[in-house]
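Asker: heads up, no residue letters with this:
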């Protein structure tokens with residue numbers, strides 16, 4: 001397991017007995033590059049200053065170069081150097097602060113946050129949100145004086161060299177809470193070498209992987225020295241305790257899944273789905289342009305930015321036609337329109353929430369191919385059959401629980417080479433992670449419908465032919481990137 005290391009400007013700055021972790025000076029860390037060779041320590045930088053070109057600054061900079069995980073990162077130091085660099089966080093933070101203080105006593109400025117923990121219980125959620133945005137050991141939130149409602153004026157690092165004995169005790173206690181959360185012990189006889197977090201939502205109707213599937217992966221991963229632990233959206237503060245993150249919720253750049261992915265990248269840990277893949281895959285407008293730019297065949301389509309584009313869509317694509325919201329998922333936000341009146345009615349409604357829509361030529365098939373791609377190589381091949389009496393693989397218009405069609409799985413050797421090739425070319429346009437490429441095979445060729453950044457991976461479906469090789473390769477993908 002990774003070890004914790006605490007850096008200080010001088011050893012006398014910290015009470016060694018107050019923490020069980022290794023304490024060393026930033027100078028020693030900087031001048032001894034081989035000290036942690038072959039290890040991946042998690043470092044807490046408690047230097048007195050993080051100013052540009054100081055030892056505190058260089059400690060975080062070189063930690064990233066050495067593959068060590070450190071807080072605060074250089075990115076955080078830069079973000080907090082000027083208000084204009086973090087002002088995009090202020091609306092959300094101000095709202096959280098006001099909610100915490102609603103109908104309560106005035107809050108004293110500055111609000112000091114240690115490792116995401118605030119001294120006042122009512123500010124607990126606010127403190128965690130601040131830490132979500134700016135991972136730093138100690139932060140001061142300065143408020144506007146005499147404001148009618150609490151409003152943040154400035155965010156900065158707490159002056160560690162000037163903390164009194166009481167504040168240092170608070171700092172040590174918060175650090176112990178932050179570093180002391182233990183992950184579940186592996187059931188194997190020997191300790192696991194790595195610990196992977198799997199983000200899931202136990203209440204999600206159509207999760208990318210079921211709980212039983214995640215338990216199956218955990219059994220396979222344990223044979224490779226990996227402990228897999230399920231986590232939920234409440235566990236963001238303890239993400240640093242893991243070595244990798246696998247997101248098994250439906251992703252969106254507007255919810256907590258993106259924040260988890262972003263945090264994992266800040267920690268230097270491998271993650272599926274990574275933030276860049278999420279940005280690229282969750283928006284069909286981007287995907288449409290990207291595939292076209294790279295010569296990957298897609299159904300004929302065009303973008304609709306207003307009512308004035310509807311006639312052109314009708315003339316060029318004909319009816320029936322498929323209309324898509326850019327960030328729909330699991331067949332949601334994708335509808336077929338039969339005539340111009342239907343197109344006008346649906347487009348008018350959807351354009352109230354989205355500035356752009358995509359209209360595509362309708363391509364009826366009995367099934368969609370899904371090619372799973374991991375690290376640029378094919379992982380599985382499945383045909384998803386259309387839901388009964390419906391034109392999509394999932395029917396959300398049943399009036400109850402969504403209805404799914406069946407599936408047919410193929411070995412990678414049996415899958416048509418031209419389908420595999422199209423899937424690989426599409427996925428490689430996105431990145432190096434795990435993707436599910438949906439394709440339609442027609443008499444006119446193979447066409448990419450979309451690339452999913454967190455594709456279904458269900459035990460007994462996608463792995464029904466390749467078996468545990470799917471899960472073994474997934475586990476090794478993470479291990480390979482941890483050990484690079």
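Answerer: Ah, there it is. Being a predicted model, the structure only gives us computed values, none of them experimental. Numbering: from 1, shown residues only.

Asker: by contact count, what packs against the longest helix belonging to the chain?
Answerer: Ordering each helix of the chain by length in residues (DSSP state H) puts helix 165-180 first. With contacts taken as 3 or more Cβ pairs under 8 Å, 6 or more residues apart in numbering; DSSP states H and E, helix 165-180 sits against strand 42-46, strand 111-114, strand 117-118. All C-beta atoms are positioned from the backbone trio N, CA, C, and that covers glycine.

Asker: can you list these in CSV and add mean neighbour count and mean pLDDT?
Answerer: Below are those laid out as CSV (neighbours: other Cβ atoms under 10 Å; pLDDT from 0 to 100):
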stretch, mean neighbour count, mean pLDDT
strand 42-46, 24, 93
strand 111-114, 23, 96
strand 117-118, 21, 92
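
Asker: Distance to residue 434 for the ones you listed - can I get that in JSON lines?
Answerer: What follows is these, written out as JSON lines (distance: least, Cβ to Cβ, whole Å):
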{"stretch": "strand 42-46", "distance to residue 434": "25"}
{"stretch": "strand 111-114", "distance to residue 434": "35"}
{"stretch": "strand 117-118", "distance to residue 434": "34"}
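
Asker: ok, which stretches of the stretch 201-350 of the chain are strands?
Answerer: When assigned using DSSP state E, counting those that start in this stretch, the strands of the stretch 201-350 of the chain occupy the ranges 226-231, 244-247, 271-272, 301-304, 321-324, 334-337.

Asker: worst average pLDDT in those strands?
Answerer: For these, mean pLDDT drops lowest on strand 301-304, to a mean of 85.

Asker: what does that strand contact?
Answerer: Outside strand 301-304, the residues that touch it by Cβ atoms under 8 Å, 6 or more residues apart in numbering are 285, 288, 309-310, 312-313, 316-317, 323, 347, 351, 356-361.

Asker: For it, which strands pair with it and how are they oriented?
Answerer: strand 357-361 (antiparallel) (DSSP bridges).

Asker: one step back: point out the other helices and strands that the next helix or strand after the longest helix of the chain packs with.
Answerer: Sequence-wise, the next helix or strand beyond helix 165-180 is strand 194-199, with elements assigned using DSSP states H and E. For strand 194-199, the contact count by 3+ Cβ pairs under 8 Å, 6+ apart identifies helix 211-222, strand 226-231, strand 244-247, helix 469-482 as packing neighbours.

Asker: can you map out the helices along the stretch 301-450 of the chain?
Answerer: Taking DSSP state H, counting those that start in this stretch as the test, the helices found in the stretch 301-450 of the chain are 310-317, 340-350, 417-428.

Asker: Go through the shortest one and flag the buried ones.
Answerer: This means helix 310-317. Applying a neighbour-count criterion of 16 or more other Cβ atoms under 10 Å, one finds 310, 313, 314, 317 buried in helix 310-317.

Asker: Lovely, talk soon.
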